[in-house]
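1. Quick one, fold the following:
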Amino acid sequence: MKHLTIARKLMLGTSLCMILIVGGSAALQYRLFSELITKRVTHDELPATLESIRNDIEATLTGPITTAQELANNGYLHDWLAWGEPPAETERAVTYLERLQRRTGANTVFFVSAISGHYYTADGLERTLERDADTWFYALVDNANRADYRLDIDSEGGELKVFINHVVEIDGERVGVAGVGYTLDTMVDTISRYRLGETGAVFLANRDGLISVHPDGAAMAGRPIADLPGWEPQAGELLTGDGYRYATLTATDGTEQLVAAIDVPGTDWIVFARIPRGELFADLNRAVLWVMLLVGVILLASLTVLALLLRALFRPIRGTADAMREIAEGDGDLTLRLPVQGKDEASELAIQFNAFADKMRDVLAQVRLSSDAVRHAAKEIASGGQDMSRRTDQAASSLQQTSASMEQITGTVENTSASSLEANRLSQSAVELARGTGYTVGDVVTTMGEIQHASARIGDIIKVMDDIAFQTNLLALNASVEAARAGESGKGFAVVADEVRQLATRSAQASRDIRGLIEASGEKVQGGTRLVRDAGSAMHELVEVVNRVAGMLGEISHATTEQSDGIGQVNVAVAELDRMTQHNTALAEESTSAAEQLREQADRLAELVGSFKLNDAGQGSELNDVREATKRPLALA
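-> Numbering: from 1, shown residues only. I've put the predicted structure just below:
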């Protein structure tokens, strides 16, 4: 589809639409007409045909049935049977049968006695019936509930005959059968004249499903209708139905035929009519064929007219395409114009093409004027790019030196920071040591205070001992005085008192010595306590000084760390500046290269624009103005 022209696509689309419309309409009409024909045949034509055949059969059988009834009700024959069939009267009875046969034109007139079994015809006594061989007769006379007469078809000798067998009753008793026989040639001719379509036919069959009369002759008599092609599934329904009925039968080869049936009153016959379904629509098929041929001719003529119309409509479009091809493949003549004729879409297309050509001419003229300006600007950009590249290289060299110096400063600051961190760590250790020593001195001061308190208590105890020694000495002195007074009797007591006084004197001396030592020790303890307290104050001041030193070292360490970080950021910034400078250098080189390419493209553009033929009268001054404007140098940012 993508390789087809618009005209061909329209032709193809229109053809498909017309074919679909015509085909769909024909299919719908064919279906409607088919249903209409089927309804007309099944509800009008076939019932009328079958009723006509039934009426003909009734008219054909009315005379024979009446003759058989008259024969069966003849009083003379009744008397003859009652007399026992005397030979003298038999000849008279046979004569009556002969005259009746001549008068009615019957092929056979017969009279059968149930008493003797004699079978009489116009020729006399023909034979004597036997119960085993002639069941038709005994079945009729033995069953009082059966009909008074019966029609039997006989095809012996290749000739179809119908026998009307009527029961002979005397005093309510069935004593014989009287009847007539006729050939069915007339009925066969009548039935054969009824033709439905080309191969359709009408035939008779009895209630047992056996064919009685068929247009094909005696060869079909007695054949079951179920043996006919496609009849077996619905033969029973057609035989047992009442009134008019019809069905559609399908043969083994797939052909369908429409079958209708109707009963013949007063008989056990059924009239069947069959017609192939395809023959019902033969006229319709021929009409549809002619219509399709006519529609095809009309469609072909319409498509021819449409093709000519599309060719006329698309001629201006082809002219536009040819003009565009001439501009594209020729020498680029933009002075080419299409003629404008009329006010239709083709004329509008020509007007717009001419406007497009004018616009293209103006644009190319402006492009031609601007090509020199672009070329000069490209030259200026290339020069500026080279100068920028050179200065960028210098800046990159300076940045590299700065980066090296910053790396040295960074190393020094990092060493200083490491030293300050180590000093800070040592000062912290000194602070901890001084703090521990201060705690120890405090413990010593406390201990010395406890020792001084204990010395004071010892002094009090020694004072008590001194008082006890003094009292003991006084008591010993009193005891000596009393012993002296006692004389000889108190002499021993005086010795004891003297010993006690000496002990008291030594105890007093010892307590004085101890007091002296305790006082000396207390003074030393007080001196030591004072010294320890002074040492504690000194240690506290040392801890505060060490803390201040540690704080200052911490601030120095923090400051050096911040300096190291700041210098690191400066290094990063310098590195970024170096990278940006290198990138600017590359951009400057690319800009220079792009400017060179732009100049080359401008030259190529001028060459391409020069290949077009333009109506550029009056544009020389504009071109000179542009060239003068392009001589001004460009300002580089």
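2. Give the other helices and strands that the strand or helix carrying Phe493 contacts.
-> If you go by DSSP states H and E, Phe493 is part of helix 491-610. When contacts are defined as 3 or more Cβ pairs under 8 Å, 6 or more residues apart in numbering; DSSP states H and E, helix 491-610 packs onto helix 345-486. Placement of C-beta: from N, CA and C, glycine included.
3. Tell me which other helices or strands the helix it packs on touches.
-> So helix 345-486, by 3+ Cβ pairs under 8 Å, 6+ apart, packs with helix 282-329, helix 491-610, helix 620-630.
4. Highest mean neighbour count out of these?
-> Highest mean neighbour count among the helices and strands packed on helix 345-486 (mean count of other Cβ atoms under 10 Å): helix 491-610, with a mean of 15.
5. How far off centre is stretch 39-59?
-> Here stretch 39-59 is found 61 Å from its chain centre; the criterion is Cα atoms, centre = their mean, to the nearest Å.
6. Flag every buried residue along it.
-> Using 16 or more other Cβ atoms under 10 Å as the test for burial, stretch 39-59 gives Val41, Thr42, Glu45, Leu46, Pro47, Thr49, Leu50, Ile53, Arg54, Asp56, Ile57.
7. which SSE is Leu204 in?
-> Assigned by DSSP H and E, Leu204 falls within strand 201-206.
8. How far does that strand sit from its chain's centre?
-> Distance, centroid of strand 201-206 to centroid of chain: 63 Å (Cα atoms, centre = their mean).
9. hmm, back to that, need the helices and strands packed on helix 345-486 in TSV (columns: mean pLDDT and distance to Phe137).
-> Formatted as TSV, these follow (pLDDT from 0 to 100; distance: least, Cβ to Cβ, whole Å):
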stretch	mean pLDDT	distance to Phe137
helix 282-329	74	49
helix 491-610	77	122
helix 620-630	44	134
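10. Adding distance to Gly24, write those out as JSON lines.
-> Output for the helices and strands packed on helix 345-486, formatted as JSON lines (distance: least, Cβ to Cβ, whole Å):
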{"stretch": "helix 282-329", "distance to Gly24": "12"}
{"stretch": "helix 491-610", "distance to Gly24": "57"}
{"stretch": "helix 620-630", "distance to Gly24": "67"}
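11. closest to Ser398 out of those helices?
-> Proximity to Ser398, assessed across the helices and strands packed on helix 345-486 by Cβ to Cβ, is greatest for helix 491-610 (9.1 Å).
12. Would you mind giving the secondary structure of Pro233?
-> helix (DSSP: H, G, I helix; E, B strand; the rest coil).
13. residues touching the nearest residue to it once chain neighbours are set aside, list them.
-> Leaving aside its sequence neighbours, Pro233 sits nearest to Leu249 (Cβ to Cβ, 6 or more residues apart in numbering; 7.5 Å). By Cβ atoms under 8 Å, 6 or more residues apart in numbering, the contact set of Leu249 is Gly230, Trp231, Pro233, Gln234, Glu256, Gln257, Leu258, Val259, Arg274.
14. Just the pLDDT at the fourth one, thanks.
-> This points to Gln234. As predicted, Gln234 sits at a pLDDT of 81.
15. Looks like it contacts Ala247 (just checking).
-> Yes - assessed by Cβ atoms under 8 Å, Gln234 is found in contact with Ala247 at 4.8 Å.
16. Need the residues touching each of these two.
-> Joint contacts of Gln234 and Ala247 (Cβ under 8 Å, 6+ apart) are Val259.
17. on that earlier part again, name the residues of the next helix or strand after the strand holding Leu204 that come out as buried.
-> Scanning forward in sequence from strand 201-206 by DSSP H and E, the next helix or strand is strand 211-213. Under the neighbour-count criterion of 16+ other Cβ under 10 Å, strand 211-213 has Ile211, Ser212, Val213 buried.
18. with those in mind, which one is nearest to Leu364?
-> Ile211 (99.0 Å).
19. May I have the beta-bridge partners of the closest one?
-> Beta bridges link Ile211 to Ala205, judged by DSSP bridges.
20. what's it in contact with, if anything?
-> Counting by Cβ under 8 Å, 6+ apart, Ile211 has contacts Phe203, Leu204, Ala205, Met220, Ala221, Gly222, Arg223, Pro224, Ile225.
21. Which two among the residues you listed are spaced furthest apart?
-> For the contacts of Ile211, the maximum inter-member distance is 13.8 Å, found between Leu204 and Pro224 (Cβ to Cβ).
22. out of these two, which sits in the more crowded spot?
-> Using other Cβ atoms under 10 Å, the more surrounded residue of Leu204 and Pro224 is Leu204, with 25 against 14.
23. where exactly do the strands run in the stretch 151-300 of the chain?
-> 161-170, 173-183, 201-206, 211-213, 245-250, 256-263, 269-276 (DSSP state E, counting those that start in this stretch).
24. Any chance of the ones you listed in CSV with mean pLDDT and distance to Met552 as columns?
-> Formatted as CSV, those follow (pLDDT from 0 to 100; distance: least, Cβ to Cβ, whole Å):
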stretch, mean pLDDT, distance to Met552
strand 161-170, 84, 153
strand 173-183, 87, 157
strand 201-206, 84, 138
strand 211-213, 81, 141
strand 245-250, 83, 121
strand 256-263, 85, 122
strand 269-276, 84, 129
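25. Report how many residues lie close to Asp189.
-> 10.
26. What of Ala88?
-> That count, for Ala88 with other Cβ under 10 Å as the rule, works out to 7.
27. Which strand or helix spans it?
-> Per DSSP H and E: helix 87-104 holds Ala88.
28. Return the set of buried residues in that helix.
-> So for helix 87-104, counting by 16+ other Cβ under 10 Å, buried means Glu89, Ala93, Val94, Tyr96, Leu97, Leu100, Gln101, Thr104.
29. closest one to Asp466 among the strands of the stretch 151-300 of the chain?
-> Proximity to Asp466, assessed across the strands of the stretch 151-300 of the chain by Cβ to Cβ, is greatest for strand 245-250 (161.3 Å).
30. Just the CA atoms of the closest one, as CSV, please.
-> Output of strand 245-250 as CSV, limited to C-alpha atoms (Å, rounded to 0.1, in the frame of the first residue of the first chain):
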residue,chain,number,x,y,z
ARG,A,245,-47.2,-31.3,6.4
TYR,A,246,-43.8,-30.7,4.9
ALA,A,247,-40.1,-31.2,5.7
THR,A,248,-36.6,-30.6,4.3
LEU,A,249,-34.7,-33.8,3.6
THR,A,250,-30.9,-34.0,3.0
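31. can you give me the angle that strand makes with strand 256-263?
-> 150 degrees (axes from the mean of the first three to the mean of the last three Cα atoms, to 10 degrees).
32. Let the chain start at 28 from now.
-> In the new count, where the first residue is 28, that last one comes out as strand 272-277.
33. to the chain's geometric centre, what's the distance from strand 272-277?
-> The mean C-alpha position of strand 272-277 is separated from the chain mean by 48 Å, Cα atoms, centre = their mean.
34. that older thread, nearest to Ala586 among the buried residues of strand 238-240?
-> When these are compared against Ala586 (criterion: Cβ to Cβ), the nearest one is Ile238, at 133.7 Å.
35. Hmm, Pro303 is touching Gly281, no?
-> No - using Cβ under 8 Å, Pro303 is not in contact with Gly281; the gap is 11.8 Å.
36. Format the buried residues of helix 114-131 as TSV; extra columns: distance to Leu340 and pLDDT.
-> Converted to TSV, the buried residues of helix 114-131 look like this (distance: Cβ to Cβ, whole Å; pLDDT from 0 to 100):
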residue	distance to Leu340	pLDDT
Glu116	109	88
Ala120	103	89
Val121	102	90
Tyr123	100	90
Leu124	97	89
Leu127	94	89
Gln128	92	88
Thr131	88	84
